[in-house]
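Visitor: Using only what follows, build the 3D model:
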Amino acid sequence: MLDGLNNLVGILNGPIWGVGMLVLIFGSGLFFTIRLGFFQFVHFKDMWSRIIDKSNSESGISSFASFCTTMAMRVGTGNVAGVAVALYMGGPGALFWMILAGMTNSAVCFTECTLAVLYKTKIDGQYRGGGAYCAERGLGWKAYGAFFAAFFGIGVACFMPAAATYTICDGFKNAIGIPMWISALVVALIMAVVVIGGVKRISAVASLIVPPMVTIYLIVTVIILLMNIGQLPSLLGTVVKCAFGSTEALLGGGVGIAIQQGVKRGTFSSASGMGESSPTAAAAETSHPVKQGMANAAGVWLDTVIVCTASGLMMLLTGCYNTQFGYVGTGAPELADLAASGTNGVIFVQLGCRTVLGGIAPLFIAVMLALFSFTCLISYYYEAETATLYLFQGKDKEKTRKTVIRIMQIAMPILIFIWGNIDSGLAWNLSDLALGGSTWINMLIVLALSPKAFALYKDYEEQMKAKKDPYYNPDKLSWKGVDVEMWKEINKDRIAADK
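Guide: Numbers count the residues shown, from 1 in each chain. Just a heads-up that it's a prediction; the model follows:
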């Protein structure tokens, strides 16, 4: 039965992740980058400064908490196991396209998050927003918004957690031999405790875990980089050659597969265009939508350009990777057996790390993976909850809304336990299906509303040039569907001071 399901999901993923996806994400990223005047380079310093705003309120969380919650989703399975899969499937050249995709994807993320903040509203006293809210409030597409909320909610609650859960369990099994089902049970129980606390507890846990886990992981990568610094120039040459089609030494399979795997895993890791980051962006307390868009764009750089590159270099510099084209790495004796069995993924990173940390490396990576992937899981829950609130919004549906959320808080940990005990191929295919399908649905909304994001960016730049702290005034710039009264309340002091 599971084999049949895996085959079906694999067939569906074919057209979803084909050439059309490359054009959609890469093309949109280039278009937004050009249309926004290469903002991610022009405002590079400003982009990073928007992360550290810690002002919050009863209705919203701080920009920093929102950033950490979003990074909880981004810095996860895709940054470790996903990069390893990309190298195996696409060769070293996939890393080049992954980095480039991260740079352009930041423009996609900026646009969707800016729009999510613009069209957010209050439900049960808290800010809520995202793709579905943008579809209804910004475009008047209520039915489309409901369809997206249902698809997205089911995807992030039921299917996206599959890869993250499997990766946690597989990491501890490889490191210290803990049976998969025990790890899955522990993760499910901890998950239940966190999500019952709601968005405030989710953001608090993310703010506590994300900064140190990313820092520690990058420190280890820098150590590996320094110990193998002599190999770096030739390695970078190999990456570029494979990116543009070299099949030398069985390292690559051509430019097409390198681009596909790089963009696919870069998109999976950053979730740009999928709509995953927009619900958390909307929850932030901020004076201007572009501020939160900037913070989230910086998050894509941290996730894909920095952390994914760190994982890729860890494997490439130590020679601890294989490719599907026949290349067998020389960095560890186990690689030959892994190549024979077709095994790939987390084990490559663990072997690469072992060259520096020795026998403790598998446990170190398992712990890092557990933190990376668990923060993904709690972020998935928040996104699913936001979709549920959209589908059952309104005073008359308050009881139904709370009942559905409670059911989800129980059902999602149960599903997490199940996903920790399935085949790795099925886990990744289910996650790819949810991500790819949501991306196609969400990007139509983002593209249709993108002129609003461009106008907001222009307003932001004009205020920056005037040496002002930018804020959004709906009396000067607004559109149908924007919660004008909410924004006037947010910025009432600033609006009054400018009169």
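
Visitor: Quick check: Met103 is in a strand.
Guide: No. Read with DSSP: H, G, I helix; E, B strand; the rest coil, Met103 is helix and lies in no strand.

Visitor: ok, it touching Val305?
Guide: Yes. If you go by CB atoms under 8 Å, Met103 and Val305 touch, sitting 6.3 Å apart. The way it works is simple: take the backbone N, C-alpha and C, and place the C-beta from them, glycine included.

Visitor: pLDDT of stretch 235-242, averaged?
Guide: The average pLDDT for stretch 235-242 rounds to 88.

Visitor: did I read that right, Gly326 in a helix?
Guide: No. Applying three-state DSSP, one finds Gly326 to be coil, outside a helix.

Visitor: packing partners for the helix or strand hosting Leu5?
Guide: Leu5 is part of helix 2-16, with elements assigned from DSSP states H and E. When contacts are defined as 3 or more CB pairs under 8 Å, 6 or more residues apart in numbering; DSSP states H and E, helix 2-16 packs onto helix 424-465.

Visitor: so what's Asn174 up against?
Guide: Counting by CB atoms under 8 Å, 6 or more residues apart in numbering, Asn174 touches Val346, Ile347, Gln350, Pro362, Ala366.

Visitor: Show the subsequent helix or strand relative to the helix or strand hosting the third one.
Guide: In other words, Gln350. Here Gln350, judged by DSSP H and E, is contained in helix 346-357. Remark: after helix 346-357, the chain's next helix or strand is helix 361-391, criterion DSSP H and E.

Visitor: Can you point out the buried residues in that next one?
Guide: Neighbour-count burial for helix 361-391, with 16 or more other CB atoms under 10 Å as criterion, is recorded at 361-391.

Visitor: Now do the helix holding Leu5: everything it contacts.
Guide: With CB under 8 Å, 6+ apart as the criterion, helix 2-16 contacts Ile422, Asp423, Gly425, Leu426, Asn429, Leu430, Asp432, Leu433, Gly436, Gly437, Trp440.

Visitor: just the angle between it and helix 424-465, please?
Guide: With axes from the mean of the first three to the mean of the last three CA atoms, to 10 degrees defining the directions, helix 2-16 sits at 40 degrees from helix 424-465.

Visitor: In helix 2-16, which residues are buried?
Guide: Asn6, Val9, Asn13.

Visitor: Now the element after it, going C-ward?
Guide: helix 19-22.

Visitor: which helices and strands does the following helix or strand past that following helix pack with?
Guide: Using DSSP H and E, the next helix or strand after helix 19-22 towards the C-terminus is helix 28-35. Judged by 3+ CB pairs under 8 Å, 6+ apart, helix 28-35 is in contact with helix 93-118, helix 424-465.

Visitor: Quickly run through the sheet partners of the very next helix or strand once past the first one, with directions.
Guide: Moving toward the C-terminus from helix 93-118, the first helix or strand encountered (DSSP H and E) is strand 121-123. Here the strand partners of strand 121-123, with direction, are listed using DSSP bridges: strand 126-128 (antiparallel).

Visitor: Sketch out the strands for the stretch 151-300 of the chain, chain order is fine.
Guide: Here the stretch 151-300 of the chain has no strands by DSSP state E, counting those that start in this stretch.

Visitor: in it, which ranges drop under the pLDDT threshold?
Guide: 197-207, 246-253 (pLDDT under 70).

Visitor: all helices of it, in order?
Guide: 161-176, 180-195, 198-227, 232-243, 255-270, 278-282, 289-300 (DSSP state H, counting those that start in this stretch).

Visitor: what angle separates the fifth one from helix 289-300?
Guide: Using the same axes, to 10 degrees, the inter-axis angle of helix 255-270 relative to helix 289-300 is 120 degrees.

Visitor: The closest residue to Ser287 other than its chain neighbours: neighbouring residues, count only.
Guide: Counting by CB to CB, 6 or more residues apart in numbering, Ser287 lies nearest to Tyr471, which is 4.0 Å off, once chain neighbours are set aside. Here the number of neighbours of Tyr471 (other CB atoms under 10 Å) works out to 20.

Visitor: so who does Tyr471 touch?
Guide: Ser287, His288, Gln463, Asn491, Arg494, Ile495.

Visitor: Confirm that it sits in a strand.
Guide: No. Counting by three-state DSSP, Tyr471 is not part of a strand but coil.

Visitor: any idea how far it is from Lys291?
Guide: Separation of Tyr471 from Lys291 (CB to CB, to the nearest Å): 9 Å.

Visitor: can you pull the contacts of the residue nearest to Ala370 when sequence neighbours are not counted?
Guide: Here the nearest residue to Ala370 in space, its sequence neighbours aside, is Ile168; by CB to CB, 6+ apart that works out to 4.9 Å. Ile168 makes contacts with Ser183, Ala184, Val187, Leu369, Ala370, Ser373, Phe374, Gly420, as judged by CB under 8 Å, 6+ apart.

Visitor: before we move on, back to that, can you add neighbour count and distance to Tyr144 and give the contacts of Tyr471 back as a markdown table?
Guide: As requested, those are exported to a markdown table (neighbours: other CB atoms under 10 Å; distance: CB to CB, whole Å):
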| residue | neighbour count | distance to Tyr144 |
| --- | --- | --- |
| Ser287 | 20 | 30 |
| His288 | 25 | 27 |
| Gln463 | 17 | 33 |
| Asn491 | 19 | 30 |
| Arg494 | 16 | 34 |
| Ile495 | 18 | 33 |
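
Visitor: For Pro161, state which of those is nearest.
Guide: Lowest distance from Pro161 to the contacts of Tyr471 (CB to CB) belongs to His288, with 33.3 Å.

Visitor: Many thanks, have a good one.
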